[in-house]
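Visitor: Here is a sequence together with a model predicted from it:
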Amino acid sequence: MDIKGKTVMITGASRGIGAEAVRLFAAAGANVAAVARSAASLEALLEDCDGPCAAFALDVADYSAVEAAVQQCVRQFGGLDILINNAGVIEPISHLSAVDPDDWGKVIDINLKGVFNGMRAAVPAMKASGGGTVLTVSSGAAHGPVEAWSAYCASKAGAAMLTSCLDKEERGNGIRALGLSPGTVATQMQKEIKASGINPVSQLAWEDHVPADWPARALMWMCSDDADDYVGTEISLRDETIRQRVGLI
């Protein structure tokens, strides 16, 4: 698809799926606003990217910081066409009876409130220019319990519902809201899962995980008209039909 000249904001951009998405959208000619907590990691990433890029070092759990980044993005690039809510954490991996309550709450702050913050800040700007696309990286854990992942499962389930709510409220205003369940991906998160040794996911071999560029390519495809049939829903990279339409087979 022709993404050239479009402006995309990507959270959790410093590694994994987010970093691959930054590289892919930048290579396609988009204006890229990369968001993550580490300024140094963002600077290193953007050094390898061509085209207009901007780095925003912030915590997505801080609404005022997210809002300021969106406003700066609009001033710098003239608008915001696409938001990719990718920032997410899985630690602490712990049973409910033993987990530290504050640590559990931090997962909700990032994985759920962070998604809301992005939507809340970006959607008014998108509506003002006629519409836009909001993509949220979800998980199979949003739809089924996983041992020792209560915070992750609960936060991803909430984020999936935010996508549905956004679609119901704003589709008529030109907002395309979609979720992506990427399956297990070869990223740092999978290393943390492996180290925990808890539940069947930690027992998977590294070669069982898909490469991080697969979900990045899916996210770009989701910005195209070809994905319009899926607006308001969550697609899964485990679905062979989706893989074919993205071009992964």
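Guide: Ah, there it is.

Visitor: In the protein, what helix or strand scores lowest on average pLDDT?
Guide: Ranking every helix and strand in the chain by mean pLDDT, DSSP states H and E puts helix 188-196 at the bottom, with a mean of 88.

Visitor: Contacts for that one next, please.
Guide: Residues outside helix 188-196 that contact it (Cβ atoms under 8 Å, 6 or more residues apart in numbering): 15-16, 88-91, 93, 148, 184, 201-202, 204, 206, 209. Where C-beta positions appear, they are placed from N, C-alpha and C, glycine not excepted.

Visitor: again, only this time at 6 Å
Guide: R15, I90, E91, I93, V201, S202, H209 (Cβ atoms under 6 Å, 6 or more residues apart in numbering).

Visitor: Likewise for stretch 17-30?
Guide: Applying Cβ under 6 Å, 6+ apart, the contact partners of stretch 17-30 are 3-4, 6, 8, 10, 12-13, 32, 34, 45, 49, 51, 53, 86, 212-213, 215-216, 219-220.

Visitor: Settle this for me: T184 is touching V210, isn't it.
Guide: No - between T184 and V210 there is no contact under Cβ atoms under 6 Å: 7.1 Å.

Visitor: what comes up buried for the longest helix seen in the chain?
Guide: Of all segments of type helix in the chain, defined using DSSP state H, the longest is helix 150-170. Within helix 150-170, the residues that qualify as buried are 150-160, 162-163, 166-167, 170, counting by 16 or more other Cβ atoms under 10 Å.

Visitor: how far away is the residue lying farthest from the centre of the chain from A19?
Guide: Centroid-distance maximum for the chain: S97 at 29.4 Å, with Cα atoms, centre = their mean. Separation of S97 from A19 (Cβ to Cβ, to the nearest Å): 36 Å.

Visitor: swap in L180?
Guide: For L180 relative to A19 (Cβ to Cβ), the value is 16 Å.

Visitor: Same question for K4.
Guide: Taking Cβ to Cβ, one finds K4 at 21 Å from A19.

Visitor: How about the residue nearest to the spatial centre of the chain: what's its closest non-neighbour residue?
Guide: For the chain, the residue sitting closest to the mean C-alpha position, by Cα atoms, centre = their mean, is N86 at 1.8 Å. The shortest distance from N86 to any non-neighbouring residue, by Cβ to Cβ, 6 or more residues apart in numbering, is to G12 (4.1 Å).

Visitor: in the chain, which spans are strands?
Guide: Here the chain has its strands, by DSSP state E, at 7-11, 31-36, 53-57, 82-85, 132-137, 175-181, 234-236.

Visitor: Number of residues surrounding the spatially closest residue to D208 that is not a sequence neighbour?
Guide: Nearest residue to D208, sequence neighbours excluded (Cβ to Cβ, 6+ apart): T184, at 6.6 Å. By other Cβ atoms under 10 Å, the residues close to T184 number 18.

Visitor: cool, the one 5 residues further on as well?
Guide: Residues lying near M189 (other Cβ under 10 Å) number 19.

Visitor: If we go by neighbour counts, what in the least confident helix or strand of the chain is buried?
Guide: M189, Q190, I193, S196.

Visitor: out of the contacts of helix 188-196, which one sits closest to H143?
Guide: Proximity of the contacts of helix 188-196 to H143 (Cβ to Cβ) peaks at V201, which lies at 14.5 Å.

Visitor: so who does that closest one touch?
Guide: Residues in contact with V201 (Cβ under 6 Å, 6+ apart) are I193.

Visitor: and the gap between it and Y152?
Guide: Applying Cβ to Cβ, the value for V201 to Y152 is 11 Å.
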